[in-house]
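[1] below are the sequence and a predicted model for it; my questions follow.
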Amino acid sequence: MFLQKLIVKTRRFFRRTEGASAIEYALIVAMVALVVIAFVPQISGSITGTFTKVAEGLAEQLPAAPADPD
């Protein structure tokens with residue numbers, strides 16, 4: 001009796017598909033996280049360099065600050 005119930009419950013468990021979507025989304029998120037972790041160090045240097053060039057270009061365009069009349 002117990003063994004038959006266990007077999008029936010096991011079969012029902014493996015036929016269910018409600019949680020499949022959540023598991024698929026979790027796998028997609030994990031893969032995206034791995035890609036981000038792998039490429040962030042390489043990209044961050046490039047982004048930092050770009051922002052540094054922009055900041056230097058803006059600094060060159062600003063007029064010089066007036067001297068403090070003390």
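    Yep, that arrived.

[2] report the rounded mean pLDDT for the helix or strand Thr52 falls within.
    Using DSSP states H and E, Thr52 falls within helix 20-61. Averaged over helix 20-61, pLDDT sits at 83.

[3] what is that helix packed up against?
    For helix 20-61, not one helix or strand is in contact under the criterion 3 or more CB pairs under 8 Å, 6 or more residues apart in numbering; DSSP states H and E. Just so you know, the C-beta spots here come from the backbone N, C-alpha and C atoms, and that holds for glycine as well.

[4] need the three-state assignment for Pro63.
    coil (DSSP: H, G, I helix; E, B strand; the rest coil).

[5] report the buried residues of stretch 12-28.
    Within stretch 12-28, no residue is scored as buried using 16 or more other CB atoms under 10 Å.

[6] how long is that stretch end to end?
    This stretch, stretch 12-28, spans 26 Å end to end (CA to CA, to the nearest Å).

[7] done for today, thanks.
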